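Trainee: here is a sequence with its predicted model. Questions after.
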Amino acid sequence: MECVDNPKVLRAAVEVSRRLGQSGPVDVVPPRTEITLDMEFLMNGRSVREILEGDAVPDIFISRLIQLHSQGKFPFSDLITFDRFEEINKAVADMEQGRVIKPVLRP
């Protein structure tokens with residue numbers, strides 16, 4: 001899963017996927033964003049597809065994420081940053097520049 005809207009990261013995700021593996025962007029990708037792929041990496045059943053919110057069964061997926069987090073295998077705290085609501089423009093810029101994955105605004 002590529003979740004930083006960076007075509008180079010999506011390409012890397014495709015290149016490291018296993019045979020029959022799927023790669024795809026999770027977040028909203030700006031219109032007309034293009035990526036280049038070496039066709040070799042689409043051989044052997046690899047695929048690229050957009051990953052939408054509804055692709056997971058929340059009762060299963062969220063429970064699994066909590067389980068992984070409690071085992072120290074899912075560093076949830078590394079994925080988010082906190083900003084004051086007044087810093088919304090900074091938070092958006094940080095996200096767009098790839099400095100943060102998911103900013104959380106606090107009132």
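Mentor: Arrived safely.

Trainee: can you dump the C-alpha coordinates of the helix or strand of the chain with the lowest mean pLDDT into PDB?
Mentor: Using mean pLDDT, DSSP states H and E, helix 76-79 stands out as the lowest-scoring helix or strand of the chain, at a mean of 82. These are the backbone C-alpha positions of helix 76-79, laid out as PDB (Å, rounded to 0.1, in the frame of the first residue of the first chain):
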ATOM      1  CA  PHE A  76       0.500   3.400  14.600                       C
ATOM      2  CA  SER A  77       2.100   6.400  16.500                       C
ATOM      3  CA  ASP A  78       4.700   6.800  13.700                       C
ATOM      4  CA  LEU A  79       1.900   7.300  11.100                       C
END
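
Trainee: which strands border the helix or strand following that helix, and is each parallel or antiparallel?
Mentor: Following helix 76-79 in sequence order, the next helix or strand is strand 80-84 (DSSP states H and E). Strand 80-84 has the following sheet partners, assigned by DSSP bridges: strand 102-106 (parallel).

Trainee: which parts of the partner strand are buried?
Mentor: P103 (16 or more other CB atoms under 10 Å). Every residue, glycine included, has its C-beta placed from N, CA and C.
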